[in-house]
Structures are given as C-alpha cells and as structure tokens.
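**Student:** here's a sequence, model it:
(2 chains)
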Amino acid sequence: MRKSLNILLVGVGGQGTILATRVLAKAAQEAGYDIKVSEIKGMAQRGGSVVTQVRLGEKVYSPLIAEGSADVILAFEKMEALRWLPYLKQDGHIIINDQAIAPVPVLTGAAVYPEDCLERVKQLACHTMVVDALNIAVDCGNPKAANVVLMGMLAKRLPITKETWLKALKARVPERFIDVNLKAFEQGFNL
Amino acid sequence: MKELLSGNAAIARGAFEAGITVAAGYPGTPSTEILENFAKYPDIYAQWSPNEKVALEVGAGASIAGARVLVTMKHVGVNVAADPLFTLSYTGVNGGLILISADDPGMHSSQNEQDNRFYALMNKIPCLEPSDSQEAKDMVAQGLEISEQFDTPVMLRLTTRVSHSQSFVEIEEPGPKNIRPYTKDPLKYVMVPAYGRLRRIFLEERTAQLKAYSENCPLNFIEWGDRNVGVITSGISYHYIKEALPNASVLKLGFTHPLPENLIKEFAAGVERLVVVEELEPFLELQIKALGLTVHGKDLLPSYGELSASIIARSLAPLGGIAVAEEYLAQPEVIAASETPLPGRPPVMCAGCPHRGVFYTLQKNKLVVSGDIGCYTLGSMSPLNAMDTCICMGASIGAALGMEKANPDMARRTVAVIGDSTFLHSGVTGLIDVVYNGGTSTVLILDNRTTAMTGHQENPATGSTLMGKPAPEVDLEALVRAIGVKRVRTVDPLNLKELDQAVKEETAAMEPSVIVVRRPCALLKKAITSEPAEVNKEICINCGICLKLGCPAISRQEDKAPPHVTAIQCNGCGLCLQVCPKGALVKRGEENA
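**Tutor:** Next up, the predicted model:
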C-alpha cells in the first residue's frame, strides 16, 4: 500500500495557489491516488491568507490536515511559511518562495513584518528549501509562472513520475501559456 | 469517468444529470458556485434572483408548472426564504424541488453560525446531508425522487467543508428532461385557511410515510465494528470518524429528517454505549434522547465551529473503551512557530477599490455608520474603522431609521451604507420605511456594478444575467425617487471633495436623502485604470496621512521610512493624491509637471 501524503499550500490571494493545486491534483489522479482537496475561498481575492490542503493516499477520508502532520508545505510567501509551520511533520519538507507580501497591519504600521522569518523556519524545520521563484519565473518569461516553479520543486520530492507531472501541466495550463510554464516547471524541478 | 469535483460542482452535475431544468438562487458563500456551474450546462435555465425569497418562489412556480427544480442559497438566505418555504411544505410539489442550504460552521464567510437542519424539522420536510462530492451528486437525484414520491420540497444541507472540498465523482450521462403536465388543483396550491387545514393533516401523514421510508433508505446505513462504542453521525463528520475512530461501529445518517427511529434503536441495542458526533447543534442528539436512549454528544464535543478528526479523537478519548487513532490523539509534537504572534493577514479592500474613499470620508466626518453585507463591510476594519453596525442583508437602512427614532440627535450624524446588490435584495423596503415614517436618514448606495464579495455575480442593476444575456438595468436613482426620496444625487467615490460635500449636505438636510456612489469594482474589466501613483520623496513630509487610506499599494518599506507606492499593485485611482497635504503623491511620469 502506498504511503499517504499530506501537502499544504499556503500563500496570499492572487499568487496562483489554485492553479498549482489543480496541477497537483491532476498529477495525483493520473498516478492513481485517491485525493481530497480542501480550499477555503471567499476572502482570498481581497489579499487574505489562502490555504489549500491536499491529501493523497489509497483511500482518503478527511479533507483536513491536522497540526504536525503535513509531509510537505509549499509556501508561496515567507511569513505564511512561518505561520503554518506548526502543521509540518517533525521530518517534513518545507519549500519557501523568498517573497514578502506585507499585510495591511504592516502597511499601516500597526504591526512589523518579521524580517527574520526565513531564519526562524530554518532553525525549526529540518528540511527547508528557499527559492526566488519570482525571479526564476521572470527569467522564464512571465512572473505569473512563479507558482509553477514551486510546483516543479514539489514534483521532485513526490513519488509521482516527471512524465505524469508534465501531462498534468499540459492538461491544466491554458495552451498559450504552456511554453513558459514548461520552462518554469523544468527550472523548479532541477533545483 | 471519474472527475475531481468540489461539492458545489458535484451538485450542479447531479442537477444536470437528474433532469433539473430550472434553477434559481442568490449568491452567498459557500453556495455560490453551484448555480455558476449549473448555468454552463446545455438545455437548462438558471437565474440569480434579487433575493432568496424570490428565488424559492420562482422555484415553487417552476415545480407547480411541472419542472424539476434546484434552488440555492447560504444558510442565512433560508431565513429570507423561510416565508415561502413554510407554506411550500403544505402545497408540496409537482416536479421535484431541491432546496440547497449551504451552512457555514466556523463562520468562514458569514455573520452567524446557524444549523439549518432545524428548518427541516420545523417545516416537516426531508433533510439530506452529504459527506463528500459523490454523495452530494447522488443526493440530488435521490432527493428529487423523494420530493416527487412524497409530494414535498427536500432540503439538501451542505456545509462549507463539503461545498468547498474536492473528491472523486463518477460522471454519468444526463437522463431525460421530462416536464410533468400542469393541472389546476386549488385544494393543493391555494393555501387559504380551509384548504390549508386539509394540507395540515396531509403533513402529518406525509411525515409518517417519510419516517417509514427513512428506515430502509440506503442513505442511512450501519458499519459494524467494535461494539463497545457506537457512533451516530452525519455529513463531513463521518469522514473524521473514519480516521479518528477507525474501528468504531458507525450509523451513518444521510437522511437526517425525519429520523429512522427503529434503525437507531437497532444500532443502540448492538453497542455498549452511544455517541452522537455532529457539527453545530445537537440536532440528532436531541431527537435520539427523545427516543429514551442514553447518548453522549455535546457533553463531550463543542457545539460551535467545525469539527476535525483531532477534535473528535481528543474529545472522545476520555470516554475510554474506544480505539482512537494515535496520530490524532496525541498532541503532535508541533513545531512552535513563533513566541510572538505574527501579523494577521485580514482581507482588505483592493487597491483602487471604489469603497475606500467612501469610508475615508465617513470617518473624517465622524459619522455613525449603519452598515450592511458586502465587500464594503471591510470598511469596519483598521485603519478606516468606519462602521458601527452590520447585522444582515438590508439591515443598514432600517437600523439607521431606528437610531434616529430612538435618539433624534443621531439623525444628523448617521448614515446607512449598502451595496447595489444588497439594496435590491432587501434594502428597498427599508428605504420605503424611512420615507413613509418621516425619517431623515441619509443612505449611500455603493453601486460598484456587481455583486463583488461573492465573486462578481450579475444582479438586476448590472445589465446582464447569470446566463450572460443582456438585461434591463434597474435605474437606482429613478427607483428611489419613485419611493418618495426627493434629495437624490450621484457622485463618483474617487472624487473626495465632491463626496465630502454631498455627505455634509445630505446629513444636514431634514429629509430623507440618497447618495448613489457609483464606480465599477476595481477588479472588473470595465474598471478604469490609470498611471500608478508615486511619492516624490523630496516633497513628502512623512506625515502618514496616505497610509490612513488602508490601501495595500501604499506602505513604508522600512520602519519610519516615507511611504512608497508599489506600482504593480496601484491602479491609479488617485485617492492618495487627493489626501496628501503637500502634493507629494503624483501620477507616475508627472512629477516634474
């Protein structure tokens, strides 16, 4: 029986977590997993936190990931990485996009952005990877492909073949953006 | 073919496959995507109604005329639709009718947390509760069969976690779309007292028949396991139980009103102890206790918020004699993220949002703001802090009138704010009350040309329908004049001076007034964008007034540094240019002008 996997995608509205989830789910479906995805939307478009929980396994019941039980956290924003760290397994992997998006309390001066959040995550988690996905995506031709760079990094660390990922990517990304996204995926995969 | 679908998309698919041809609703999280998905299928009709009451009335008519019908709304929408619902239970249906009530445990996007299964009890109608997307789809077809067989509307009760979670669904070919013949039947459809009394007796007969049906309904089933503890559950909690108590005996109820009393007694007799696990109210528990059975339930589990496998495991472990999954039982060795709490990331009005200038102006004028439901409720948040009340859809106007009647001093310093869609939903009647009863309130209708909060749905003032057909636009100014408001003006919320003047003059006036504040939502394609703003650091005195707008595009890059505009976020609305006392904020490329 295949090991079940809990993957948490965290970020800020507008960062492309929804498309990333669709690609991940498609790849997992192709690979024969049972899947549950839980997405709480509603406020996302207005700059709120976005959290997507993806659970893969032979048979998955609950769509929710409990604290301390995520195998991988894919953080699209670095303070969100720190915020959701309690969900990571002791030996889990956290992949962090090196991007800061200040929330309104920080913008108005009511709170301070924790500049040391990457260092704190690195101290606390055993497997931390930090990547400047935005810059890599810009090099690939479109800053919006940062999410797919991160998907590439996730793909390398999951027991799903690269061919399956590429198939899923082609199935879920609009055709006119496919070249940029294939490039972005490749860059992430090779990191 | 299997597809990964959200509960909402599965309901839409189920409606299409089961031959539903008419659907109506009002947007509300977590129900909105059901109609948005359904509207894309061929050979069906779907519409947004001005509110949930009208949607259910449209559904009632369509059912009486012979179609299979879907009506969708969030939990609080059922309050609005309760009037037709209570009597629709009496008339029953012709074509099957499914009412979706999408409840929101945990209040992810709602003003309250109510358990609408009690509506099914009070209305004497069947209630179905799916636990995942496949069940959600299947229960549409099953619900229609029940509706037509027993002559009753059927409530299909979702929760946010079922609506917005995705799981595999078997996609099938759509069945035939049969319209039943219409026959005039006043004894059934004209609910005057004499006929109503006859139908009242029918309700009791129907309930007895439904009880018998629920005993053998395949939606209710027992999974025997460890007989020491038996769990009775419904909805998403079933999946949490399967993980938290993998060996427990489970009675899974999909048909939760009226309850299968004999099946419950049979299950109770087969186990040592009974526990009811359900989110929100003790709906099942109270009825099971009424059967004379001893059960645990809300003595161990919370009656608010969402449940989870962890909450269930930790709550039930003290009972003893029950195998609880270790992974959920042990407080995991959680990595402590932070000793000091991190800054929150609350939702915020977008850069260029037309509401921002309104709340900036209301705050500056120190007005009492009777608020309403929509994106603009975010005006209550810091740094604008410009809202005093928010109760329910449409409440702003009536509440403003009440404030004035209680304390005449408040009349000159109170305004109601309400969006275009919310005004048409249930604000119109409040405004009629103001005019009729001699109020002097000032009402700001924030017309951003869409129903924004729920994700940009069309409404009667936008000029388009759910199915993308052009529609007449309600003329808001003409409408409020027809009600009897004499002082009506229209302003652009990006013109702060004009807006400020309008607010000052209208609150001073000793008669009712309406200010239509019109500007499309910044996220709409028709929104006007302009060159982004930037700060001329040589002129900026770092007073921080621009930061009081709460615009996500303006920030200090470092502590105490002068404000900076993030060009990629700014849509050039120009508000910050107007509030800067020194003219340090300029349109990009114009700083030397």
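
**Student:** just the CA trace of the longest helix along chain A, in CSV.
**Tutor:** Determined from DSSP state H, the single longest helix within chain A is helix A:17-30. Provided in CSV are the C-alpha atoms of helix A:17-30 (Å, rounded to 0.1, in the frame of the first residue of the first chain):
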residue,chain,number,x,y,z
THR,A,17,-2.2,28.5,-5.5
ILE,A,18,-5.4,27.4,-7.0
LEU,A,19,-3.9,26.6,-10.4
ALA,A,20,-1.0,24.9,-8.6
THR,A,21,-3.5,22.7,-6.7
ARG,A,22,-5.3,21.8,-9.9
VAL,A,23,-2.0,20.6,-11.5
LEU,A,24,-1.0,18.7,-8.3
ALA,A,25,-4.5,17.0,-8.2
LYS,A,26,-4.4,16.1,-11.8
ALA,A,27,-0.9,14.5,-11.5
ALA,A,28,-2.0,12.6,-8.4
GLN,A,29,-5.1,11.4,-10.2
GLU,A,30,-3.0,10.2,-13.2
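
**Student:** need the next SSE after that helix, C-terminal direction.
**Tutor:** Moving toward the C-terminus from helix A:17-30, the next helix or strand (DSSP states H and E) is strand A:34-39.

**Student:** residue B:416 bridge partners, please.
**Tutor:** residue B:370, residue B:443 (DSSP bridges).

**Student:** that one contacts residue B:376, doesn't it?
**Tutor:** No. Using C-beta atoms under 8 Å as the test, residue B:416 is too far from residue B:376 to be in contact (11.5 Å). In this view, the C-beta of every residue, glycine as well, is placed from N, C-alpha and C.

**Student:** could you list the residues in contact with the helix or strand of chain A with the lowest mean pLDDT?
**Tutor:** Ranking every helix and strand in chain A by mean pLDDT, DSSP states H and E puts helix A:104-107 at the bottom, with a mean of 83. Residues from elsewhere that reach helix A:104-107 (C-beta atoms under 8 Å, 6 or more residues apart in numbering or on different chains): A:47, A:111-113, B:343-344, B:346, B:348, B:381-382, B:547, B:550-552, B:554-556.

**Student:** give the buried residues for it.
**Tutor:** For helix A:104-107, the neighbour count (16 or more other C-beta atoms under 10 Å in any protein chain shown) marks A:104-107 as buried.

**Student:** same list, the residues you listed, but as CSV with distance to residue B:543 please.
**Tutor:** Formatted as CSV, the buried residues of helix A:104-107 follow (distance: C-beta to C-beta, whole Å):
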residue, distance to residue B:543
A:104, 19
A:105, 20
A:106, 19
A:107, 16
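
**Student:** list the strands paired with the longest strand along chain B, with their directions.
**Tutor:** Counting residues, the longest strand found in chain B (DSSP state E) is strand B:226-234. Strands that pair with strand B:226-234, judged by DSSP bridges, come out as strand B:248-253 (parallel), strand B:273-277 (parallel).

**Student:** next helix or strand past the longest one?
**Tutor:** Scanning forward in sequence from strand B:248-253, with DSSP H and E defining helices and strands, the next element found is strand B:255-257.

**Student:** tell me the domain ranges of chain B?
**Tutor:** Per automatic domain parsing, the domain ranges recorded for chain B read B:2-214, B:220-329, B:355-518, B:533-587.

**Student:** turn those into TSV, including mean pLDDT and mean neighbour count.
**Tutor:** TSV is the format used below for the domains of chain B (pLDDT from 0 to 100; neighbours: other C-beta atoms under 10 Å in any protein chain shown):
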stretch	mean pLDDT	mean neighbour count
domain B:2-214	98	21
domain B:220-329	96	20
domain B:355-518	97	20
domain B:533-587	92	18
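
**Student:** can you count the residues close to the closest residue to residue A:98 other than its chain neighbours?
**Tutor:** Nearest-residue entry for residue A:98: residue A:132, 4.8 Å, with adjacent residues in sequence omitted and distances by C-beta to C-beta, 6 or more residues apart in numbering or on different chains. Residue A:132 has 14 neighbours, counted by other C-beta atoms under 10 Å in any protein chain shown.

**Student:** again, but for the one 4 residues further on
**Tutor:** Counted with other C-beta under 10 Å, the neighbours of residue A:136 add up to 22.

**Student:** what does the helix or strand where it lies contact?
**Tutor:** Here residue A:136 sits within helix A:133-140, counting by DSSP H and E. With contact meaning C-beta under 8 Å, 6+ apart, helix A:133-140 is reached by A:76, A:97-99, A:143-150, A:180, A:183-184, A:187-188.
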